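# Based on what follows, work out the 3D shape:
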Amino acid sequence: MSTTPSTKIAEVRRTHAKLIRFGAVSAFNVLFGQILLFATQVAMGLSPVPANVFSVTVGTVPAYFLSRHWVWNRRGNHRIMKEVIPFWALALLGFALSTAAVWFVDTRWDPVPLVINLTNLAAFGLIWMAKFFVLDRVLFNTEEATAVS
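Predicted coordinates for the structure are as follows:
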């Protein structure tokens with residue numbers, strides 16, 4: 001199948017729009033996760049690593065639903081092997097990286113909660129773009145969804 005310049009432009013525009021929506025969802029999830037992380041340390045008195053575990057686990061739920069429905073316009077049944085498990089695997093990667101980074105900072109220094117938040121944010125920032133392309137090209141692949149429908 002050959003692609004015309006207008007087809008390529010349309011695809012770039014669709015990808016750009018998804019990237020903007022993904023950025024908005026990510027911004028919401030970062031804010032939500034950072035509030036959870038800070039609150040669990042300050043208000044609930046959890047130490048940094050358990051607070052990170054809690055905030056990442058809770059924050060992954062809205063991340064999945066917002067990404068699936070708003071960014072990639074997926075409706076209907078959730079495909080366990082092709083959507084849910086891979087999405088959670090990516091979340092687990094971010095969780096592992098952020099928890100390791102939080103643990104490292106917490107065991108080396110006596111950081112204030114804000115430093116823990118910045119550490120968590122930096123760890124997730126490292127995998128953000130890779131996550132978009134995996135979600136876009138593999139998990140919520142529009143061409144595959146169209147072929148299946």
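
# Number of residues surrounding the closest residue to residue 99 other than its chain neighbours?
Distance criterion CB to CB, 6 or more residues apart in numbering; nearest residue to residue 99, sequence neighbours excluded, is residue 52 at 5.3 Å. No exception for glycine: its C-beta is placed from N, CA and C like everyone else's. By the criterion of other CB atoms under 10 Å, residue 52 has 29 neighbours.

# Give the other helices and strands that whichever strand or helix holds residue 52 contacts.
Using DSSP states H and E, residue 52 sits within helix 48-66. Contact analysis of helix 48-66 by 3 or more CB pairs under 8 Å, 6 or more residues apart in numbering; DSSP states H and E lists helix 5-42, helix 85-108, helix 113-134 as its packing neighbours.

# With mean neighbour count, distance to residue 57 and mean pLDDT added, can I get those helices in JSON lines?
Shown next, in JSON lines, are the helices and strands packed on helix 48-66 (neighbours: other CB atoms under 10 Å; distance: least, CB to CB, whole Å; pLDDT from 0 to 100):
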{"stretch": "helix 5-42", "mean neighbour count": "15", "distance to residue 57": "10", "mean pLDDT": "86"}
{"stretch": "helix 85-108", "mean neighbour count": "17", "distance to residue 57": "7", "mean pLDDT": "83"}
{"stretch": "helix 113-134", "mean neighbour count": "17", "distance to residue 57": "13", "mean pLDDT": "79"}
